[in-house]
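> Got a predicted model here, sequence first, then my questions.
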Amino acid sequence: NAGVTQTPKFQVLKTGQSMTLQCAQDMNHEYMSWYRQDPGMGLRLIHYSVGAGITDQGEVPNGYNVSRSTTEDFPLRLLSAAPSQTSVYFCASSYSSDSYEQYFGPGTRLTVT
Amino acid sequence: GNSVTQMEGPVTLSEEAFLTINCTYTATGYPSLFWYVQYPGEGLQLLLKATKADDKGSNKGFEATYRKETTSFHLEKGSVQVSDSAVYFCALTHAGNNRKLIWGLGTSLAVNP
């Protein structure tokens, strides 16, 4: 199993550009989520999904869209990039189990100039 | 609401020193508790977990005991190595939280040879 994969690893955007961060998992996990990690802020939940066709907002959803058309994929779209979206983005997935432990991808480092 | 509080870092230790990173939580019901580790330039990995009171999670020489009476889940290791240098995150989740993880801010550990 590849686990949770994310592409790209690094990305530089100009203000106003749009892009999609890809996330895929091959563990048949129901639950998937996107976080951003900023210095001194810890991890903040952007959006999450409890299954194909179902998505919901986390703590900081503004400026981001998600969709979940398949169990495997959970892309994150930046509609119009802003410097405040410079961050490291992590995708995670979880199987439906008692402990709800989550498995993380390697991250995408995004810089918006 | 639910929350996790970790001791602030950075923590700097010499090799073979004893490590404690404090974590306390506020939550309704009986959450599952986790420690995740993030090595430099990588995503987060689950280090250990405990799903009920008095459970002890352990992995790679690290241990943490779920103490409901003190609402704590302190991370300990008897003899740290340089390779343990990383950021450590305490987190909780439970069924009523729709599997969303509640995170501490992370504690950076640097181990010197």
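Nice, I can see it.

> May I have the residues that are in contact with residue 67?
No chain specified, so I'll use chain A. Going by C-beta atoms under 8 Å, 6 or more residues apart in numbering or on different chains, A:Ser67 touches A:55, A:75. In short, each C-beta sits where N, CA and C put it, glycine included.

> ah, I was thinking of chain B
B:53-54, B:73.

> what's the answer for A:Leu43, then?
Taking C-beta under 8 Å, 6+ apart, one finds A:35-37, A:90, B:44, B:89, B:101, B:103 in contact with A:Leu43.

> Could you list the residues of chain B in contact with chain A?
B:32, B:34, B:36, B:42-46, B:49, B:51, B:89, B:93-95, B:98-101, B:103-106 (C-beta under 8 Å from any C-beta of the partner chain).

> and which of the contacts of A:Leu43 is nearest B:Thr28?
B:Leu101 (15.7 Å; C-beta to C-beta).

> isn't that closest one right up against B:Phe89?
No. The pair B:Leu101 / B:Phe89 is not scored as a contact, 9.2 Å apart, by C-beta atoms under 8 Å.

> Which pLDDT value goes with residue 67?
The chain I'm using is chain A. pLDDT, A:Ser67: 96.

> hm, I was asking about chain B
96.

> do you know how far it is from chain A?
18 Å (C-beta to the nearest C-beta, to the nearest Å).

> What ranges does chain A have for its strands?
Secondary structure of chain A (DSSP state E): strands located at A:4-7, A:10-13, A:19-25, A:31-38, A:42-51, A:54-57, A:64-66, A:76-78, A:87-94, A:103-104, A:108-112.

> just for chain A, where's the confidence low?
Chain A contains residues with pLDDT under 70 at A:96-99.

> what does it have sitting close to chain B?
A:4, A:31, A:33, A:40-43, A:45, A:48, A:50, A:56, A:58, A:90, A:92, A:94, A:98-107.

> Show the buried residues in these.
For these, a burial check counting by 16 or more other C-beta atoms under 10 Å in any protein chain shown picks out A:4, A:31, A:33, A:42-43, A:45, A:48, A:50, A:58, A:90, A:92, A:94, A:99-107.

> burial of A:Ser80, as a residue count?
A count of nearby residues for A:Ser80, using other C-beta atoms under 10 Å in any protein chain shown, gives 11.

> before we move on, what about A:Gln57?
13.

> And the one 5 residues further on, by the same measure?
Summarising burial for A:Asn62: neighbours were counted as other C-beta under 10 Å, giving 10.

> gap between it and A:Ser18?
According to C-beta to C-beta, to the nearest Å, A:Asn62 stands 15 Å off from A:Ser18.

> Run through who's touching the helix or strand of chain B with the lowest mean pLDDT.
In chain B, the helix or strand scored least confidently by mean pLDDT, DSSP states H and E is strand B:102-103, which has a mean of 90. Strand B:102-103 has contacts (C-beta under 8 Å, 6+ apart) with A:42-43, B:2-4, B:25, B:27, B:89-93.

> Noted, bye for now.
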